[in-house]
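Chemist: Sequence first, then the predicted structure, then my questions.
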Amino acid sequence: MKRVLLISILVLCLFIPMSAQAQDQGVPGLGVELDCIDYSTIYLDVTPGESNDHQMQCTLTNTGSVTETIKLETDVGGNDFDVDLVGEESYTIESGGEETFVVEFSAPPRLDAMAVEDYAINAQVVSFGIDPIPSPDVTMLNINDSVEGKVEALPYTKFSLDVTRTVLSLDSGEEGTIELTIFNDGNIQLETFLISLDNKQELLDEGFDIEFCWGYKTSSEACSDLSKPNVYIGIMLEASSTSEEGTFVLVAPKDASSEFSISAQISVIASQDASMEDSAAVEITVRESDSEGGIGLETFESMDSETMTMIGMAAGGLFGVIILLVLISRLTKKAAGQQKTAVKEAKRAAKAARKSQKSSRRGKKAKVVEEEYEDDDFDDDFDFDDDFDFDDL
């Protein structure tokens with residue numbers, strides 16, 4: 001073992017350069033250099049459905065005078081990001097030679113826009129020498145180089161508008177509502193969304209009265225009259241949250257002389273990125289003021305699927321109640337019939353007992369028999385539920 005160490009030291013001495021760079025590494029004859037492209041800050045797009053990784057190219061150079069084995073390591077703070085080597089974790093490089101490798105950064109989708117961590121990539125000489133001479137371990141000499149920077153999640157805007165109906169049918173002067181909610185699927189902690197009725201003026205010109213309310217018909221109701229100028233509707237939402245229900249309240253024109261239809265164009269944009277937009281359209285039909293009330297074929301045709309579903313559920317519930325009442329009525333009658341049959345059987349048994357007593361007392365006086373018959377069978381003569389019995393005469 002001592003002979004191997006002495007030979008290794010001898011080889012090292014033979015290749016010792018007297019350059020200033022080697023002396024800067026702390027050990028003459030050994031050295032490493034690491035350089036990466038644009039490594040100071042790595043930005044990751046964490047939008048769902050997009051590529052959530054980034055690859056950085058690095059170059060590893062042996063600045064020593066002997067062949068070196070250099071090991072690579074990565075480190076990142078926290079648990080939100082991953083920094084991984086693509087390919088080998090160590091390279092054996094001749095003096096003055098270099099190797100190119102790739103480092104991959106990744107993060108889970110929807111990561112908070114404020115997430116940022118420090119990262120580092122380290123290259124360390126762990127051994128040197130050429131075959132067949134054994135390579136001693138020089139890890140304890142700390143001959144290394146590194147690059148350090150930050151990795152950060154980019155903010156993104158994503159949301160959806162949900163409107164509860166696609167059609168609205170109103171009589172002249174009748175009030176109707178269009179309900180909506182907004183879901184913030186972005187990663188910005190608090191983002192503002194602006195709601196607009198794009199053809200508001202067209203609806204006002206047709207004679208509609210229009211309001212927008214948060215918490216419509218609740219204790220927290222807050223409404224805005226859209227007939228007034230410079231009225232803006234907006235809401236601030238946290239990431240991955242849904243707004244409370246907002247409602248457009250429309251009152252149809254009171255003097256509609258004929259039926260007409262008009263579309264309400266609703267849109268939502270994000271204040272952080274106005275290019276992000278979602279929209280919906282609701283077809284509004286207004287019947288003339290002298291049209292008869294009630295529900296006809298045209299009314300059903302103009303109803304949206306949600307309304308038809310509610311009507312179907314109500315009809316099904318009513319049918320179920322009727323069936324339940326019929327079953328209860330039948331069971332009640334059956335129970336009453338069984339009770340009446342039991343009463344009749346009891347009365348017939350009582351009659352049979354009385355007849356038996358009469359037979360045993362026929363030797364008595366006729367007057368006594370007649371009085372006894374009148375006392376015992378008075379109730380039976382007026383029992384219209386029993387069958388008529390000629391034996392009682």
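Modeler: Yes, it's here. Residues are numbered from 1 along each chain as shown.

Chemist: okay, CA-based contacts and neighbour counts for the rest of this
Modeler: Noted.

Chemist: Distance check, the closest residue to Ile210 other than its chain neighbours against Ser224.
Modeler: Using C-alpha to C-alpha, 6 or more residues apart in numbering and skipping residues adjacent in sequence, the residue nearest Ile210 is Leu250, 4.7 Å away. Taking C-alpha to C-alpha, to the nearest Å as the measure, Leu250 falls 12 Å from Ser224.

Chemist: higher neighbour count, those two?
Modeler: Leu250 (21 against 16; other C-alpha atoms under 10 Å).

Chemist: In this structure the more buried one contacts Gly176, no?
Modeler: Yes. Contact criterion C-alpha atoms under 8 Å: Leu250 and Gly176 qualify, at 5.3 Å.

Chemist: quick one: the most centrally placed residue in the chain and Ile188, what's the gap?
Modeler: Taking C-alpha atoms, centre = their mean as the criterion, Ser240 is the residue nearest the geometric centre of the chain, at 8.3 Å. According to C-alpha to C-alpha, Ser240 stands 9 Å off from Ile188.

Chemist: Ok, Ile210 next?
Modeler: Taking C-alpha to C-alpha as the measure, Ile210 falls 32 Å from Ile188.

Chemist: again with Arg354
Modeler: 96 Å.

Chemist: More neighbours: which of these two?
Modeler: Comparing Arg354 with Ile188 by neighbour count (other C-alpha under 10 Å), the higher total belongs to Ile188, at 23 against 15.

Chemist: Can you verify my assumption that Glu206 contacts Pro253?
Modeler: Yes. Between Glu206 and Pro253 there is a contact at 7.2 Å, judged by C-alpha under 8 Å.

Chemist: Comparing these two, which residue is more hemmed in?
Modeler: Using other C-alpha under 10 Å as the criterion, Glu206 and Pro253 rank with Pro253 on top: 24 against 13.

Chemist: after whichever strand in the chain runs longest, next one along is what?
Modeler: Longest strand in the chain by number of residues (criterion: DSSP state E): strand 116-128. Once strand 116-128 ends, the next helix or strand along the chain (criterion: DSSP states H and E) is strand 144-153.

Chemist: Now that following strand: buried residues?
Modeler: By neighbour count on 16 or more other C-alpha atoms under 10 Å, the buried set for strand 144-153 is Asn144, Asp145, Ser146, Val147, Glu148, Lys150, Val151, Glu152, Ala153.

Chemist: can you pull the pLDDT of Glu174?
Modeler: For Glu174, the pLDDT comes out at 95.

Chemist: can you count the residues close to it?
Modeler: 15.

Chemist: repeat for Gly316
Modeler: The tally of other residues near Gly316 (other C-alpha under 10 Å) stands at 12.

Chemist: Distance of it relative to Thr309?
Modeler: 10 Å.

Chemist: send the alpha carbons of stretch 217-230 over as CSV?
Modeler: Output in CSV follows, covering the C-alpha atoms of stretch 217-230 (Å, rounded to 0.1, in the frame of the first residue of the first chain):
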residue,chain,number,x,y,z
LYS,A,217,-81.8,38.4,-2.3
THR,A,218,-79.6,37.6,0.7
SER,A,219,-78.6,39.6,3.7
SER,A,220,-75.4,40.5,2.0
GLU,A,221,-76.9,41.8,-1.2
ALA,A,222,-75.0,44.5,-3.0
CYS,A,223,-76.3,45.7,-6.3
SER,A,224,-75.1,48.2,-9.0
ASP,A,225,-77.4,50.0,-11.4
LEU,A,226,-75.9,49.4,-14.9
SER,A,227,-77.9,52.1,-16.5
LYS,A,228,-75.6,54.6,-14.8
PRO,A,229,-72.3,55.6,-16.5
ASN,A,230,-68.9,54.4,-15.3
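
Chemist: for that stretch, what is the average pLDDT?
Modeler: Confidence for stretch 217-230, expressed as mean pLDDT, is 91.

Chemist: Okay, buried residues for that stretch please.
Modeler: The neighbour-count check on stretch 217-230 (16+ other C-alpha under 10 Å) flags Cys223, Ser224, Leu226 as buried.

Chemist: Likewise for stretch 256-274?
Modeler: Ala256, Ser263, Ala264, Ile266, Ser267, Val268, Ile269, Ala270.

Chemist: and the helix or strand where Lys71 lies, what other elements does it pack with?
Modeler: Assigned by DSSP H and E, Lys71 belongs to strand 68-76. Judged by 3 or more C-alpha pairs under 8 Å, 6 or more residues apart in numbering; DSSP states H and E, strand 68-76 is in contact with strand 82-86, strand 90-93, strand 116-128.

Chemist: Note down every partner strand of it and its orientation.
Modeler: strand 90-93 (antiparallel), strand 116-128 (antiparallel) (DSSP bridges).

Chemist: picking up where we left off before, compute the inter-axis angle for the longest strand of the chain and strand 144-153.
Modeler: Between strand 116-128 and strand 144-153, the angle comes out at 160 degrees (axes from the mean of the first three to the mean of the last three C-alpha atoms, to 10 degrees).

Chemist: Export the helices and strands packed on strand 68-76 to JSON lines and append columns for mean neighbour count, distance to Gly320 and mean pLDDT.
Modeler: Formatted as JSON lines, the helices and strands packed on strand 68-76 follow (neighbours: other C-alpha atoms under 10 Å; distance: least, C-alpha to C-alpha, whole Å; pLDDT from 0 to 100):
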{"stretch": "strand 82-86", "mean neighbour count": "17", "distance to Gly320": "59", "mean pLDDT": "95"}
{"stretch": "strand 90-93", "mean neighbour count": "18", "distance to Gly320": "75", "mean pLDDT": "94"}
{"stretch": "strand 116-128", "mean neighbour count": "21", "distance to Gly320": "60", "mean pLDDT": "95"}
